[in-house]
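Peer 1: I'll drop the sequence and a predicted model, then ask my questions.
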Amino acid sequence: MGAKGNLTRQNIIEKSMQCFSVKGYFNTSIADIVKATGLTKGGLYGHFRNKQDIWYAVYDECARIWKSIVFQGVREMADPLARIDRVIDNSLKHYLGGGVFEGGCFLLNSLVDLSGQSPTMSNHVLKGFQSFSARLQAWLEEAAEKGFLREGLNLREIANFLVISLNGAAPLYAASKDPAIWRQTAAQLHFYLNSLRNPPVAAKP
């Protein structure tokens, strides 16, 4: 595919992303995408076989954007708990609070939109959330090995709780646009994570 073809394909992905984010997968028609992109159906099908193919490409692009924001600045941090603190801030302040996707979090919206309608597609999204939880769990295990955590903690449940809490703030913020939602969620998650430390670090005045 040449440079022009790549640009056209990227345009389809970006315009479809807006459609899916606002209307959902099932309420978005090929006609909506054709109108948004300014292409003909033939031009559209020259790059994608069907709407489902477009959705998978959009999902990959959204996942790439999400990772670039949520994991920004994490790689160079030696303390695994500091990495989780950074992910909390990036997820809530910069990703959710930054209004990256029109209509809210595309990934979470897709999970809700597709559940019960398309098991294959919803499982594809679910695996992404499970992978996120597994990454947090790996960092918690690293912290435990280094003696940073109290003993007797269920690290898998803690990782799942963090993912659930981070995503639970999304629909409330999408509906209200009240920054207090992500700010309070971040503050309480930082407090919770700090309480797991061995010994807990005294809160800053």
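Peer 2: Now that the structure is in, tell me what you want to look at. None of the values given here were measured: they were computed from a predicted structure. Numbers count the residues shown, from 1 in each chain.

Peer 1: all the helices of the protein, in order from the start?
Peer 2: Using DSSP state H, the helices assigned to the chain run over residues 3-23, 30-37, 41-45, 51-70, 80-89, 106-114, 119-145, 155-176, 179-195.

Peer 1: for Val100, find the nearest of the ones you listed.
Peer 2: Closest approach to Val100 among the helices of the chain (CB to CB): helix 51-70, 6.4 Å. Where C-beta positions appear, they are placed from N, C-alpha and C, glycine not excepted.

Peer 1: counting by contacts, list what the closest one packs against.
Peer 2: helix 3-23, helix 30-37, helix 106-114, helix 119-145 (3 or more CB pairs under 8 Å, 6 or more residues apart in numbering; DSSP states H and E).

Peer 1: which other residues reach the shortest one?
Peer 2: Here helix 30-37 makes contact (CB atoms under 8 Å, 6 or more residues apart in numbering) with 11-12, 15-16, 18-19, 23, 40-41, 43-44, 51, 54.

Peer 1: give me the pLDDT for Met121.
Peer 2: The predicted local distance difference test score for Met121 is 96.

Peer 1: relative to Pro80, how far out is the residue nearest to it when sequence neighbours are not counted?
Peer 2: In space, Met121 comes closest to Leu114 once its chain neighbours are excluded; the distance is 4.7 Å by CB to CB, 6 or more residues apart in numbering. Distance of Leu114 to Pro80, given as CB to CB, to the nearest Å: 33 Å.
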